[in-house]
Every structure is written in structure tokens, then in C-alpha cells.
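1. dropping a prediction and its sequence here:
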Amino acid sequence: MMKEDKTEGGTQASLKQRTASGLLWGMMNSAVTQVLNVVFGVVLTFFLHPSDYGMIAVLSIYSAIAASLQDSGFVQALTNKPRATHRDYNSVFWFNVVVSAAIYVILWICAPLIADYNHDQRLVWLSRYAFLGFFLASFSITPRAILFKQMKVREQTICSFAAMILSGLVGIVMAMSGMAFWSIATQSIVFVSVISVMSWYFARWRPSFHISVQPVCQMFAFSCKLLITNIFLNINKFAFESILGHFYPKVELGYYSQANKWNLMGSQTISGMVQSVAQPMFVQVGADLERQRRVLTKMLQFTSFIAFPALFGLSLVSHQVISILPERWMPAAPYLQMLCIGGAFLPLATLYSNFIISRGKSAVYMWNTIAQSLLILLSIFVVRNFNLSLFGLSGIWLMILCCIVINVTWIGIWHIFVWADIRLGILHVVRAVVPFMAVAAVAMLITHYATAGIDSQMLRLVCRIPMAAAIYLGILRLSGAEILSECIGYLRHRKTE
């Protein structure tokens, strides 16, 4: 009995250590990726016009749906499988490649229709070129699934870093040469190509021609629901840009696209960190309900501790951030300010959805996401066709507000399913999340009024970031926040090692 307790304790300690290490590397991965994205993105804005970004933005929904079809949810299915074999991985690999090739052929044929819908014949060959990216990405899905399942976040970080550097340099050189939107498309293709090559290197896995469809068929009952869900997620994500591209000038879409890119840099930095460990960690926690509640609560606290100050802070400095870009991009600043408020809640939704998937409940994940996506699309349709206004907002602004309100409110819907599964009370979650949200909001308000008199945008940016961070951490320190002490203790331990 003593031996079993020791083994279990050792397993729990090992999982905790790997999770902490994975979160640290996940943060580094997301942060480095987004910082490089910012650097290369800022440089590119000096050589590209907002309409160039609009050209690429209208193709995003097609690439995203194609990527969902090629993956078909098998990465999560392999992660949930306790003992995945070479036969499983090999079956998924060939499925991804064949499906991706078929989809690319279909999109190649449909390119003229895409161009006609968006009233721009340049999209015919641009789309055929840009869609090569998702086909090349199909070769890396299985190696990346292996790295994800084994929680090898450090290796994934190295892959992302190398891909960002090489693709960013290629994009800048092409933009400087006057290649316009072709430089953005090429940057994406180079990125997925480098990721594919390096994922193969780190995964140490090779396919074989002994192909069996049985593993894919066995996993399809679970993965097909994730496939449908991912399609609706991408429709939900890109429908707004598609509607803007159809009804509004490409320049307006470019402003929104640029603002949303900065917002996603912030929210996806946190979401990427959480997603790098969440599902495999929850799978390894086991069937102990009390331990599941404890682990999920701790992850909710940690995610809130990072997400709210980061995204509220980006909203605070939105005008200063956009002022770094050429003057023609300043209309994007108000969009960014509003989007970041909603973006602060997205990592929490990511955490909830990963928990649901780890429990094998892909049907719950599917129907919940479909309902949310349909509600968002309905709100966009109503606003666009009935010219509604609310609180002085109308048109694009009211569309954005509706999306934010629905996304934030839907976290409560996610919680209903979590409560039904492990009986984690809503008040328990509120106590874990709301204090960090409130402290972050107070810190940003104090910083805003304290620096409002500074005329220089750059000086205001330099002052606001450390001031907001100091106030936020200071309040948490004085209130004795446990999560802050744990993070400091872990970082000190890493430094000692």
C-alpha cells in the first residue's frame, strides 16, 4: 500500500512538473511567435497597403475550413488514445495527405468563383497559390500530434521560432521588392514548410506503405464531431471578415484585419500556452473527480492571472501600439481597443473546451460550438440587414459588440457541461476568475488616468506598460494571491536548477 501511494505521488509530481514546464515553454512559444509576428508585421506595414491585407483576409475562411477537413480531429483523437501505435499514426498520416490533395484540387477549380464573389479577378491565381500552404501542412499533422501527445512543448517552440524567422525574412524581402499581397501568401507557405520539416526531425517518426484504414475508422466516431466543430469555428472566426469583404471596401477590412491580428496576438499567446498542455494533462489526471476539480480550478486561476492583465493592457495601449505603424493605419486603433476586451475571455473558453475534449465528449463540444457559431452569424445577419444601433454603435461596431457579448456569455454555457461532469460549482469558478479580472481592470483604469496628460504616444506607451504591471502585481502581492507566490517559487526553482 505504501509503495502504491509513493508511486501515485511520484506520478502526480511528475505530471505537475511536466505541466509547469509545458506552460513555461508554451508561454515562450506563444510569446516569441507573437513578438516576431509583431516585428515582421510592423516592418511589412511600411511596404504594404491595407488592401493587400484585405486580399489575403478574404481567402482566410477557405484555407481554415480546408485545414479543418485535412486534420478531421485526429490530433485530439490520437491524444485521447492511451496507447497509440505506429499503425494508428500511419493511418492518420495517409488520410491527411490524401484528403488535403483532394481538397486542393477542388479549391483550384473553384478559384474563379471565389474571385467573382469578391469582385476581384486577381484572386484567381492568388488563391491557387495561397492554398498550397494548407496542403503542405498536411505532411506535418502526424508528427505534430506526436509532439503534442508527449507534451514536448520545447521542441514545438523551436519549430515555431525557426519558422517565424525564415518566413518573416522572406515576406519582408518580397514586400520590399514590390510583390504586395504575394509576399504575405509566400510568408505563410514558407512558415508551414519549415514547421513540417522540423516537426519530422523532432518526432523521430516515419510513415510506411503498410496502410490500414481501420484505425481511422475506429477514431472517426470521436474525430468527426471535432471536424464539424472546427469547421463551424472557422466559419464563426472568418465570417465577419468575409462579410466585410463583400459589403465594405477592402481598406475597411484591412483596418479590422490589422486590429484583429494584434488582438489575436495577445489572446492566442495565452490560449496557445494553455492549449499546449491542457488536453494531454487532463487525460493523464485520470478519473479522480476531486483531483480533476482541483486541477481545472488551478488552471482557471493561472489563465485568468495571465489573460486579463495582458489583454486589458493591450486595450489600454491600443492607440499607442497602432501609432508605431504608419499614420494610415490609425483608424484600426479603436477596433483594437474594443476587440481586446472580448479577447481577454477567449483563453478561458479554450481551457473549458480542452477539458470537454479530454473527457471524450466530442459531441458536447460539437453541439455547443455549433450553437454559439450560429448565434453569432444570426446576430451579424440581423445587424447588417436591419441597420440596428445600440449605445450609439451601428454597422461594423455593433457586429463586433455582438460577437464579444456572445463569446463572453458562452463561457457560462461551457461551465454547465463541466458542472454536469465533475460538479465544479459556478461560485467556485467565480472566486477563481473574477478577482484577477477586477484587479486587472482597476490597474488599467489607474494607469489610464495617471498617464492621460502625456502628449507623446511613445512616451505614454513606455510609461503605461510598467506602471500597469507594477500596480497589478502590487495589488496581488498585498492581497496574498496564492497563484502569484506559486509562480515566483517555480521560477526561482528553475533559476536555481
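-> Received, thanks.
2. what residues of stretch 214-227 count as buried?
-> Neighbour-count burial for stretch 214-227, counted by 16 or more other CB atoms under 10 Å, picks out 215-216, 219-220, 222-227. No exception for glycine: its C-beta is placed from N, CA and C like everyone else's.
3. from these, which is closest to residue 48?
-> residue 227 (34.0 Å; CB to CB).
4. could you tell me how far the closest one is located from residue 66?
-> 12 Å (CB to CB, to the nearest Å).
5. just residue 193 next, same as before
-> For residue 193 relative to residue 66 (CB to CB), the value is 17 Å.
6. between these two, who's got more neighbours?
-> residue 66 (24 against 19; other CB atoms under 10 Å).
7. need the pLDDT of that one.
-> Note for residue 66: predicted pLDDT of 70.
8. cool, and residue 134?
-> In this model, residue 134 is scored at 79, pLDDT.
9. that one touches residue 104, doesn't it?
-> Yes. Counting by CB atoms under 8 Å, residue 104 is a contact partner of residue 134 at 7.5 Å.
10. okay, and the common contacts of these two?
-> residue 66 (CB atoms under 8 Å, 6 or more residues apart in numbering).
11. more neighbours: which of these two?
-> Neighbours were counted for residue 134 and for residue 104 using other CB under 10 Å; residue 134 has more, 25 against 19.
12. point out where the stretch 301-450 of the chain drops to low pLDDT.
-> Low-confidence segments of the stretch 301-450 of the chain (pLDDT under 70): 386-394.
13. where along it do the helices fall?
-> In the stretch 301-450 of the chain, the helices defined using DSSP state H, counting those that start in this stretch lie at 318-322, 333-343, 346-358, 362-386, 395-422, 426-450.
14. can you pull out the strands in the chain?
-> 389-390, 393-394 (DSSP state E).
15. so residue 276 is in contact with residue 153, correct?
-> Yes. Under the contact definition of CB under 8 Å, residue 276 touches residue 153, with a separation of 4.8 Å.
16. can you count the residues close to residue 114?
-> For residue 114, using other CB under 10 Å, the count is 20.
17. residues touching it, list them.
-> 58-59, 62, 123-124, 127.
18. could I get the residues you listed as a markdown table with pLDDT and neighbour count?
-> A markdown table is the format used below for those (pLDDT from 0 to 100; neighbours: other CB atoms under 10 Å):
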| residue | pLDDT | neighbour count |
| --- | --- | --- |
| 58 | 75 | 25 |
| 59 | 79 | 25 |
| 62 | 76 | 21 |
| 123 | 85 | 23 |
| 124 | 88 | 16 |
| 127 | 87 | 25 |
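19. got those residues as CSV, with distance to residue 323 columns?
-> Putting the contacts of residue 114 into CSV (distance: CB to CB, whole Å) gives the following:
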residue, distance to residue 323
58, 27
59, 29
62, 33
123, 32
124, 37
127, 33
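20. tell me which of the residues you listed is nearest to residue 411?
-> residue 62 (29.0 Å).
21. picking that back up, now, of the helices of the stretch 301-450 of the chain, which is deepest in the fold?
-> helix 346-358 (a mean of 23; mean count of other CB atoms under 10 Å).
22. which strands and helices sit next to it?
-> helix 74-80, helix 250-275, helix 278-285, helix 289-316, helix 362-386, helix 395-422 (3 or more CB pairs under 8 Å, 6 or more residues apart in numbering; DSSP states H and E).
23. export it to PDB, keeping only CA atoms.
-> Listed next in PDB are the C-alpha coordinates belonging to helix 346-358 (Å, rounded to 0.1, in the frame of the first residue of the first chain):
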ATOM      1  CA  LEU A 346     -11.000  33.600 -25.000                       C
ATOM      2  CA  PRO A 347      -8.300  31.700 -23.200                       C
ATOM      3  CA  LEU A 348     -10.900  30.700 -20.500                       C
ATOM      4  CA  ALA A 349     -13.100  29.300 -23.300                       C
ATOM      5  CA  THR A 350     -10.100  27.400 -24.700                       C
ATOM      6  CA  LEU A 351      -9.400  25.800 -21.300                       C
ATOM      7  CA  TYR A 352     -13.100  24.700 -20.900                       C
ATOM      8  CA  SER A 353     -13.300  23.200 -24.400                       C
ATOM      9  CA  ASN A 354     -10.000  21.300 -23.900                       C
ATOM     10  CA  PHE A 355     -11.300  19.800 -20.700                       C
ATOM     11  CA  ILE A 356     -14.500  18.700 -22.500                       C
ATOM     12  CA  ILE A 357     -12.500  17.100 -25.300                       C
ATOM     13  CA  SER A 358     -10.200  15.400 -22.900                       C
END
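24. all set, thanks.
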